[in-house]
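[1] just need the structure, nothing else, for what follows:
(chains A and B)
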Amino acid sequence: MKIATWNVNSVRTRIATLIKWLEEAKPDVVCMQEIKCQDEQFPYLEFEALGYNCAVHGQKSYNGVAVLSKFEIEETLPGLPGDADDEQARYLEVVLAGTHGPVRVASIYLPNGNPKDTEKFPYKLRWMERLRDHAAELLSYEEPLILAGDYNVIAQDDHCWDPAAWVDDALFADETRARFAALHWLGLTNAWAVKDGRGHQYTFWDYQRGAWQKDHGIHIDHILLSAQATDRLTGIEIARKTRGMEKPSDHVPVIAELDL
DNA sequence: ATGCCACCTTCAAGGTGA
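    Numbers count the residues shown, from 1 in each chain, chains lettered A, B, ... in the order given. This is a model prediction of the structure:
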């Protein structure tokens, strides 16, 4: 199973870029974030024509997550548990019929949290605590579990080009890093860390200030795995070249290969 | 110091998000 996570920054604006990449890279599963549309506006037909089943948790204008899968989608679970009043579409969990049995996959769009002196930052931290609690529950199933998405966390200094430029940012804050580390303490493994682990390999470059041309990026898109998935992990890749395509997203896909 | 992009409302340009 070749599984990708990609923050597409509007699925409707990006549709031609997406189709081109899907035809080239041929992922089996794609966790998408920031689709920026409601369920009924999602381009189902275009993806179905390429052989994908679609699960969508959309929202008007902002956020929105989806999963494309060449495997059957057996269950669709939209929304992160733990706050009935949270209306932001940032989490979509599915159960796929994998080659060797069920595989649980979530597409995650973790809150940005900036500016730090607003309610956005405590919302981010609470959201991360909800994710930790839910992940603990999912890990108790002892199944292959893949939590893939835009985590909006600069987890270590060599995940950005210049730490000094990020020290006051919500993505870099100690409180943010501690909650990201807590996901690993539960027993989740970071696919990049275990199969590659190099620093300064970015997944996002701002559209501004010539960030792409200067390679001023950050590594914030991650694939976290349960032990049962890590055992089957055979490869990891950042699809850097997609940042140079026509009408690129500001993020690029991260792709894991697993024997699942 | 600043440069982008995509969304909304509502038809022109400003507000929001990141």
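
[2] going by C-alpha atoms from here, please, whenever you check contacts or count neighbours.
    OK.

[3] A:Q156: neighbour count?
    Other residues near A:Q156 come to 12 when the count uses other Cα atoms under 10 Å.

[4] grab the most central residue of chain A for me.
    Nearest residue to the geometric centre of chain A (Cα atoms, centre = their mean): A:G149, 0.9 Å.

[5] and that residue, that one's in a strand?
    Yes. Counting by DSSP: H, G, I helix; E, B strand; the rest coil, A:G149 is part of a strand.

[6] now do the contacts for it.
    By Cα atoms under 8 Å, 6 or more residues apart in numbering, the contact list for A:G149 reads A:5-7, A:31-33, A:106-110, A:221-223.

[7] if I look at it, how far off is A:A135?
    Here the criterion is Cα to Cα, to the nearest Å. By it, A:G149 lies 14 Å from A:A135.

[8] counting neighbours, what do you get for A:I108?
    Using other Cα under 10 Å, A:I108 has 31 other residues around it.

[9] is it in a helix, a strand, or coil?
    Counting by three-state DSSP, the backbone at A:I108 sits in strand.

[10] and if you look at A:G210?
    Looking at A:G210 with three-state DSSP, the answer is coil.

[11] got it, and A:I35?
    Classification of A:I35 by three-state DSSP places it in coil.

[12] would you mind listing what in the stretch 51-200 of chain A touches DNA strand B?
    A:K60, A:S61, A:Y62, A:N63, A:P111, A:N112, A:G113, A:N114, A:P115 (Cα under 7 Å from any atom of the strand).

[13] any idea how far the helix or strand encompassing A:M128 is from the chain center?
    Applying DSSP states H and E as the criterion places A:M128 in helix A:120-139. Here helix A:120-139 is found 15 Å from its chain centre; the criterion is Cα atoms, centre = their mean, to the nearest Å.

[14] what about the helices in chain A?
    With DSSP state H as the criterion, chain A has helices at A:15-25, A:44-48, A:120-139, A:174-185, A:191-195, A:227-230.

[15] residues making contact with the shortest one?
    Applying Cα under 8 Å, 6+ apart, the set of residues contacting helix A:227-230 from outside is A:E142, A:E143, A:P144, A:L145, A:I146, A:G187, A:L188, A:T189, A:A191, A:L258, A:L260.

[16] kindly report the same for the second one.
    With Cα under 8 Å, 6+ apart as the contact definition, helix A:44-48 has outside contacts at A:I19, A:N53, A:C54, A:L68.

[17] what angle do the helix holding A:M128 and helix A:174-185 make?
    0 degrees (axes from the mean of the first three to the mean of the last three Cα atoms, to 10 degrees).
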